[in-house]
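Student: Can you look at this prediction? I've put the sequence above it.
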Amino acid sequence: MIRYLTAGESHGPELTVIVDGIPAGIPIDGQAIDAELLRRQSGYGRGARSTKIERDHAEITSGIAGGLTTGAPIALRIVNKDFANQPASRAPLTAPRPGHADLAGHLKYGHADLRTVRERASARETAARVAAGALAKQLLQPFGTTVRSFVTAIGDVEVEPGPVPHDGVLRRRTANRAGGVEGGTTNGEPVIVRAAMKPLSSVRASVDTVDLATGLASDAPYVRSDVCAVSDATVVGEAMIAWVLAEAVVERFGGDRLEAMLAAREAMGPDALP
């Protein structure tokens, strides 16, 4: 079983992710992790924080020796450069933004200052998930599995997706209308996942809400935000899909080290798909 745990807030000093259960002997490229983080930051519509302030770098602090996983938990930290720009104290936020986690977090945890909720619920946290997914992608590489994504539509602008690349392995079907999964099991075709993203909750336009401190009608406060995050969401989606696939590979082939997993796959023959 592999698992990950993230910690940290949007404007706190850093994000941390701990990844447990990765077998020993997996080659890990730190620059490839940073490249994934850059992809998450540099898509169309990203705000000033992503394009001008933060330059995400995943510092590996444990679990890697000589460029290979050791089998121990892997810890990574991503410093928030914007932390230095935060004031020492600020007035509490009490007007929730519709569509965000503000109200639900307030009701669940009882925080009077909604900033406490949104700091953890911010999309900034997905940087840690992308780092975890980048590790999962590198686990998948020795098994010939890759994860790619592309945007098909933003608003009323659409593109017609072309054929999904196949790896020249013998195709078992004349078409892939099932999206690579039948009966909850991969069928050897490319696995295709389609997803949609709701509009961002932080907008400059006036949005009606209620101030929880006074009970009066209020305008939802504008929090610095992206204009569009669709292309960056695909990177986060890739990371989570890679993680699920990596879980399946580890479950299927077992082993405490890559060498044993590859041997198990070889022993199962060419049809040993996770």
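Tutor: Right, received. Where do you want to start?

Student: Flag the shaky bits of the stretch 51-200 of the chain, pLDDT-wise.
Tutor: By pLDDT under 70, the low-scoring segments of the stretch 51-200 of the chain are 51-53, 163-167, 169-172.

Student: rerun that using 90 as the cut-off
Tutor: 51-55, 81-91, 97-100, 112, 118, 122-124, 154-156, 159-177, 184-190, 198-200 (pLDDT under 90).

Student: In it, mark out all the strands, start to finish.
Tutor: 58-62, 64-65, 68-69, 74-79, 153-154, 157-158, 181-182, 185-186 (DSSP state E, counting those that start in this stretch).

Student: Return the set of buried residues in the very next helix or strand once past the last one.
Tutor: Right, the one you point to is strand 185-186. Downstream of strand 185-186, the first helix or strand assigned by DSSP states H and E is strand 208-210. For strand 208-210, a neighbour-count test (16 or more other C-beta atoms under 10 Å) marks 209, 210 as buried. For every residue, glycine as well, the C-beta is placed using N, CA and C.

Student: what does stretch 102-117 give?
Tutor: Buried residues in stretch 102-117 (16+ other C-beta under 10 Å): 102, 103, 105, 106, 111, 114, 115, 116, 117.

Student: follow-up on the earlier one: winner for burial among the strands of the stretch 51-200 of the chain?
Tutor: With neighbours taken as mean count of other C-beta atoms under 10 Å, the strands of the stretch 51-200 of the chain reach their highest mean count in strand 74-79, at a mean of 21.

Student: Walk me through which strands that strand pairs with, and which way each runs.
Tutor: Each strand paired with strand 74-79, and its direction, by DSSP bridges: strand 14-20 (antiparallel), strand 58-62 (antiparallel).

Student: Can you lay out these as a markdown table showing distance to residue 195?
Tutor: Below are the strands paired with strand 74-79 laid out as a markdown table (distance: least, C-beta to C-beta, whole Å):
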| stretch | distance to residue 195 |
| --- | --- |
| strand 14-20 | 22 |
| strand 58-62 | 24 |
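
Student: Now do the helices in the stretch 1-150 of the chain.
Tutor: 30-41, 48, 102-109, 114-121, 126-140 (DSSP state H, counting those that start in this stretch).

Student: Those helices into TSV, with extra columns for distance to residue 157?
Tutor: Compiled in TSV, these are given as follows (distance: least, C-beta to C-beta, whole Å):
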stretch	distance to residue 157
helix 30-41	21
helix 48	24
helix 102-109	30
helix 114-121	29
helix 126-140	24
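
Student: Out of these, which one sits most buried?
Tutor: Note that of the helices of the stretch 1-150 of the chain, helix 126-140 is the most buried (mean count of other C-beta under 10 Å), with a mean of 25.

Student: ok, now how distant is the residue nearest the centre of the chain from residue 124?
Tutor: In the chain, the centroid-proximal residue (C-alpha atoms, centre = their mean) is residue 236; its distance is 3.2 Å. From residue 236 over to residue 124 the distance is 12 Å, taken as C-beta to C-beta, to the nearest Å.

Student: same deal with residue 151?
Tutor: Distance from residue 151 to residue 124, by C-beta to C-beta: 21 Å.

Student: With neighbour numbers in mind, choose between these two.
Tutor: Neighbour comparison, residue 151 and residue 124: the larger count goes to residue 124, with 22 against 18 (by other C-beta atoms under 10 Å).
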